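Peer 1: Need coordinates for the below:
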Amino acid sequence: MNELINELIEINEDNGIPKNVRSKIGDAISALQQEDKEDSIKANKALQELDDISSDPNMPSYVRTQIWNVVSQLESI
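Peer 2: From the prediction side, this is the model:
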């Protein structure tokens, strides 16, 4: 889980990402960092946030690929 959080933090630090996308990634990171929830619940909440932004037309294609990679890892949890 920490590896996924670090990947999302790294993506979120990219200055080429629109603010609305950064906000959603921040929400996904927060969901994954919740200590009082089961991993499957945290992953589901993060997936909801990331699914919302995966089709954003303003997002650079390389970031979309990184998001899809994180999403596929979350789906396996």
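Peer 1: Next, the contact list for the residue nearest to residue 56 when sequence neighbours are not counted, please.
Peer 2: Spatial nearest neighbour of residue 56, excluding adjacent residues (CB to CB, 6 or more residues apart in numbering): residue 21 at 5.8 Å. Yep, even glycine has a C-beta here, placed from its N, CA and C like the rest. By CB atoms under 8 Å, 6 or more residues apart in numbering, residue 21 lies in contact with 53, 56, 58, 59, 63.
Peer 1: Compare the residues you listed and tell me which is most surrounded.
Peer 2: Highest neighbour count within these: residue 53, with 22 neighbours (other CB atoms under 10 Å).
Peer 1: if I look at that residue, how far off is residue 22?
Peer 2: Counting by CB to CB, to the nearest Å, the gap from residue 53 to residue 22 is 9 Å.
Peer 1: what's the burial count for residue 11?
Peer 2: Residue 11 has 20 neighbours, counted by other CB under 10 Å.
Peer 1: nearest residue to it other than its sequence neighbours?
Peer 2: residue 66 (5.3 Å).
Peer 1: hang on, the one you found packs against residue 12?
Peer 2: No: using CB atoms under 8 Å, residue 66 is not in contact with residue 12, being 10.5 Å away.
Peer 1: Mind listing the shared neighbours of these two?
Peer 2: Counting by CB under 8 Å, 6+ apart, nothing touches both residue 66 and residue 12.
Peer 1: Please, where are all the helices along this protein?
Peer 2: Ranges of helices in the chain, per DSSP state H, are 2-12, 19-33, 39-53, 61-75.
Peer 1: got the phi/psi numbers for the residue located most distally from the centre of the chain?
Peer 2: What lies farthest from the middle of the chain is residue 36; by CA atoms, centre = their mean that is 19.3 Å. Per-residue torsions, residue 36: phi -90, psi 10 (degrees, to the nearest 10).
Peer 1: Just the pLDDT at it, thanks.
Peer 2: We have a pLDDT of 91 for residue 36.
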